[in-house]
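Participant: got a sequence here, can you build the structure:
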Amino acid sequence: MLPGLLQQARNHGVLFRLPRLTAAVRGFASAQSEMTVRDALNSALDEELARDDKVYILGEEVGEYQGAYKITRGLLQKYGPDRVKDTPITEAGFTGIAVGSAFAGLKPVCEFMTWNFAMQAIDQIINSAAKTLYMSAGQISCPIVFRGPNGAAAGVAAQHSQCFASWYSSVPGLKVLAPYDSEDARGLLKAAIRDPDPVVFLENEIMYGQAFPVNAQILDKDFTLPIGKAKVMREGKHVTLVSFSKMVGYCLKAADHLSKEGVHCEVINLRSIKPLDKDTLVASLKKTHRMVTVEEGWPQCGVGSEIAALMQELAFDELDAPVLRVTGAEVPMPYAANLEAAALPQVDDIIKAVKSVL
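Facilitator: Predicted coordinates:
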């Protein structure tokens, strides 16, 4: 029981408050074979702060407390309070400050402790950040990154568990990214900070403590990933599984299980929700002729709904079965663990969906 509790604590950043453990994980830029998503994000922020003095971070507890999930660990000590700014608990206020500073030429990284709290600042994100370039006839850009954990964690109930991917991806003027592993976290966050437009960066709390292989290329200080390009995580010929963030891992597990039964799934990690990589999706569909989308969000007007519509518009003749969606249940997230599990997609749900389209 104790090892399980310790792992939960690590996943939620609690153990990073201890000095001896903080010292042990500081070497994120060493020639290591694995890196946690937390360290990938932390190192990306560190390198971009060092690269460009217009970049700064602001948000609740990002400085003295080292970040609610320790993503900004050590950055206040290295760059000082002018570059890493603690704010009051007022999302509308500090988001407005961040957007205004971006209009003035700075490059803020605005952290929300959870994207659920960004509801307090949605006017600043949509009406100010997303629309001003158009409304100013291209004269005023807004180079800003809004980042934080999105979607369900564990036992945090309805007001802390919502996935906002489809919400923000419907807005002209925003780019929406959702990393899965450490490569995604480093490459996409660095690309987002360097991008001239507002970027919504949707992380996942459960993924922070998970480690993934990294190589010298990923650890390079100038490593970035292209916005708008998906990644084929696994080649296959029978069904295409399309997902983003934590659900990519679930798709890979489902694909492993199905391969033992002779069903070979192609797994696509979207990485970018907006713009969507339509070319990669269509190319995969032309191989497999079947597609299943997987997301934690609600079914109506979800990311999967958009993909299903695009596939019937762009590649209808390639479909041998309807595009099937695996989504969260249409219900506010329950608190009870058994009901929470029932409200979210599980690996078995993906396996059943694949078998139903064969």
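Participant: my reading is that M233 lies in a strand. Confirm?
Facilitator: Yes. Counting by DSSP: H, G, I helix; E, B strand; the rest coil, M233 falls inside a strand.
Participant: isn't it up against V248?
Facilitator: Yes. Counting by CB atoms under 8 Å, M233 touches V248, with 6.5 Å between them. Where C-beta positions appear, they are placed from N, C-alpha and C, glycine not excepted.
Participant: quick one: low-confidence ranges for the stretch 101-250 of the chain?
Facilitator: Within the stretch 101-250 of the chain, no range satisfies pLDDT under 70.
Participant: what's around D181, how many residues?
Facilitator: D181 has 23 neighbours, counted by other CB atoms under 10 Å.
Participant: ok, and the closest non-adjacent residue to it?
Facilitator: F212 (4.1 Å; CB to CB, 6 or more residues apart in numbering).
Participant: re the thing from before, joint contacts of M233 and V248?
Facilitator: With contacts defined as CB atoms under 8 Å, 6 or more residues apart in numbering, the residues shared by M233 and V248 are V267, N269.
Participant: of the two, who's got more company?
Facilitator: V248 (27 against 18).
Participant: I'd like to know how far the residue nearest to D181 sits from D39.
Facilitator: To D39, F212 is 10 Å away according to CB to CB, to the nearest Å.
Participant: which residues are common contacts for the two?
Facilitator: With CB under 8 Å, 6+ apart as the test, F212 and D39 both reach S182.
Participant: ok, those two, which is more surrounded?
Facilitator: Of the pair F212 and D39, D39 is the one with more neighbours under other CB under 10 Å, namely 27 against 19.
Participant: A helix includes the more buried one, no?
Facilitator: Yes. Applying three-state DSSP, one finds D39 inside a helix.
Participant: what's the separation between it and V55?
Facilitator: For D39, the distance to V55 - CB to CB - is 19 Å.
Participant: pairing partners for the host helix or strand of the residue nearest to D181, with directions?
Facilitator: Assigned by DSSP states H and E, F212 belongs to strand 211-213. Strand 211-213 pairs in its sheet with strand 34-36 (antiparallel), by DSSP bridges.
Participant: is K107 bridged to anything, and to what?
Facilitator: V55.
Participant: is it correct that it is in contact with L58?
Facilitator: No. Applying CB under 8 Å as the test, K107 and L58 come out as separate, 11.6 Å apart.
Participant: run through the residues that contact the spatially most central residue of the chain.
Facilitator: Central residue of the chain (CA atoms, centre = their mean): A178, 2.7 Å from the mean position. Listed by CB under 8 Å, 6+ apart, the contact partners of A178 are N150, A165, L202, E203, F244, S245, L270, R271, S272, I273.
Participant: gap between the second one and L344?
Facilitator: So the one you mean is A165. Separation of A165 from L344 (CB to CB): 14 Å.
Participant: more neighbours: which of those two?
Facilitator: More crowded of A165 and L344, by other CB under 10 Å: A165, with 26 against 21.
Participant: per-domain residue ranges of the chain.
Facilitator: Domain segmentation of the chain under automatic domain parsing yields 2-219, 231-357.
Participant: any chance you could map the helices in the stretch 101-250 of the chain?
Facilitator: Ranges of helices within the stretch 101-250 of the chain are 122-123, 132-135, 165-169, 182-194, 216-219, 246-259, based on DSSP state H, counting those that start in this stretch.
Participant: so what does the second one touch, helix or strand wise?
Facilitator: Translated: helix 132-135. The helices and strands touching helix 132-135, judged by 3 or more CB pairs under 8 Å, 6 or more residues apart in numbering; DSSP states H and E, number zero.
Participant: ok, and what's touching it?
Facilitator: F103, I140, S141, C142, P172, G173, D197.
Participant: please redo it, this time with the cut-off set to 7 Å
Facilitator: If you take CB atoms under 7 Å, 6 or more residues apart in numbering as the criterion, helix 132-135 is touched by F103, I140, S141, C142, G173.
Participant: then the first one?
Facilitator: By CB under 7 Å, 6+ apart, no residue outside helix 122-123 reaches it.
Participant: centre of the chain to that helix, how far?
Facilitator: Distance of helix 122-123 from the chain centroid (CA atoms, centre = their mean, to the nearest Å) equals 20 Å.
Participant: do the same with stretch 237-255
Facilitator: Distance of stretch 237-255 from the chain centroid (CA atoms, centre = their mean) equals 15 Å.
Participant: ok, now which ones touch R83?
Facilitator: Residues in contact with R83 (CB under 7 Å, 6+ apart) are L49, Y56, I57.
Participant: before we move on, back to that, pretty sure the residue nearest to D181 contacts S182?
Facilitator: Yes. Under the criterion of CB atoms under 7 Å, F212 makes contact with S182 at 4.2 Å.
Participant: overlap in contacts of those two?
Facilitator: What both F212 and S182 touch, as defined by CB under 7 Å, 6+ apart, is the set M35.
Participant: tell me the phi and psi of the most far-flung residue of the chain relative to its centre?
Facilitator: No residue in the chain sits farther from the centre than D317, which is 32.2 Å out by CA atoms, centre = their mean. Here is the backbone geometry of D317 (degrees, to the nearest 10): phi -70, psi -10.
Participant: quickly note the distance from it to K253.
Facilitator: 32 Å.
Participant: beta partners of K175?
Facilitator: V199.
Participant: mind listing what it touches?
Facilitator: Applying CB under 7 Å, 6+ apart, the residues contacting K175 are D195, D197, V199, I227, K274.
Participant: next, count neighbours for the second one.
Facilitator: Other residues near D197 number 17, with proximity taken as other CB under 10 Å.
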